[in-house]
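Visitor: the sequence and its predicted three-dimensional model are supplied below.
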Amino acid sequence: MSQRLNEYFASEATEYLEQLEGLLALPEVPDSHALLRLSTGVRGSAKMAGAEKVAGVAERLEQAVRSLRSTRAQWSDELRDVAKQTVADLKILVQAHHWGDEEDRRLANVLGQWDRLENTGAGASPQAVSVSALFYEGSGPHLVGKGDREVTAAVVEEPPVVSVGTLLFRGESAIRHALSLRPEIGRALSDGDNGGQPLSAILDELFDLLELGLTGDPLESR
């Protein structure tokens with residue numbers, strides 16, 4: 001990295017990190033949008049400068065914030081502590097003019113903190129489960145037999161099978177396509193069930209097209 005690029009990267013990244021430091025020092029839960037913007041800024045700045053190790057540390061913080069925003073994790077004191085330590089270490093690492101053993105130890109330490117945080121599940125969002133769902137009710141059958149399956153099958157009807165091509169037609173074009181089915185109906189009547197398209201299927205398509213032609217709306221369940 002050139003001296004000029006190094007100075008620019010250090011200045012820009014430090015500005016992001018100082019804003020992150022201020023957010024994490026607040027007693028309330030910090031704004032996740034601001035956390036994401038700033039942590040992404042640190043990582044992007046490091047990437048552009050070729051500081052891959054620094055970018056890797058910033059990425060762990062960015063990933064944690066994304067988990068917060070997607071509700072896969074929740075804010076916790078442990079997460080705040082690791083985030084604050086990460087920012088403090090990054091402020092030192094971005095100012096390092098030479099990378100040596102001390103920087104490697106600092107890098108390994110902060111990455112280890114993130115690993116431990118993830119392994120302990122700190123910050124993970126708990127799944128809400130109804131207590132009643134954990135126990136069987138005292139009444140009613142708990143085994144599904146043949147009769148139950150038959151009742152279920154009668155209640156849950158199969159959705160109607162509709163030709164994909166049919167759904168592409170609306171209004172006048174549907175009417176024109178319906179008229180084009182006349183030869184097929186004639187062949188079906190003369191051939192019977194000799195390998196052609198069943199007459200019932202052709203008639204279903206015909207009436208579907210007529211319905212679309214009249215309403216111009218998507219086909220509804222019959």
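Guide: Nice, I can see it.
Visitor: mind checking which helix or strand of the protein has the lowest mean pLDDT?
Guide: helix 164-167 (a mean of 46; mean pLDDT, DSSP states H and E).
Visitor: which residue ranges of the chain form helices?
Guide: 3-25, 32-49, 52-69, 77-93, 101-120, 146-155, 164-167, 171-179, 182-191, 199-215 (DSSP state H).
Visitor: for those, give me CSV that also has mean neighbour count.
Guide: C-beta: built from backbone N, CA, C; applies to glycine. Below are the helices of the chain laid out as CSV (neighbours: other CB atoms under 10 Å):
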stretch, mean neighbour count
helix 3-25, 16
helix 32-49, 19
helix 52-69, 19
helix 77-93, 19
helix 101-120, 14
helix 146-155, 9
helix 164-167, 12
helix 171-179, 15
helix 182-191, 12
helix 199-215, 16
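Visitor: which one of those has the lowest average pLDDT?
Guide: Mean pLDDT values for the helices of the chain show the minimum at helix 164-167, a mean of 46.
Visitor: quick one: residue 6 from residue 45, how far?
Guide: For residue 6, the distance to residue 45 equals 12 Å [CB to CB, to the nearest Å].
Visitor: residue 27 too?
Guide: Residue 27 sits 29 Å away from residue 45, going by CB to CB.
Visitor: distance of residue 95 from residue 52?
Guide: Residue 95 sits 17 Å away from residue 52, going by CB to CB.
Visitor: between residue 6 and residue 45, what contacts are shared?
Guide: Contact criterion CB atoms under 8 Å, 6 or more residues apart in numbering; residues shared by residue 6 and residue 45: none found.
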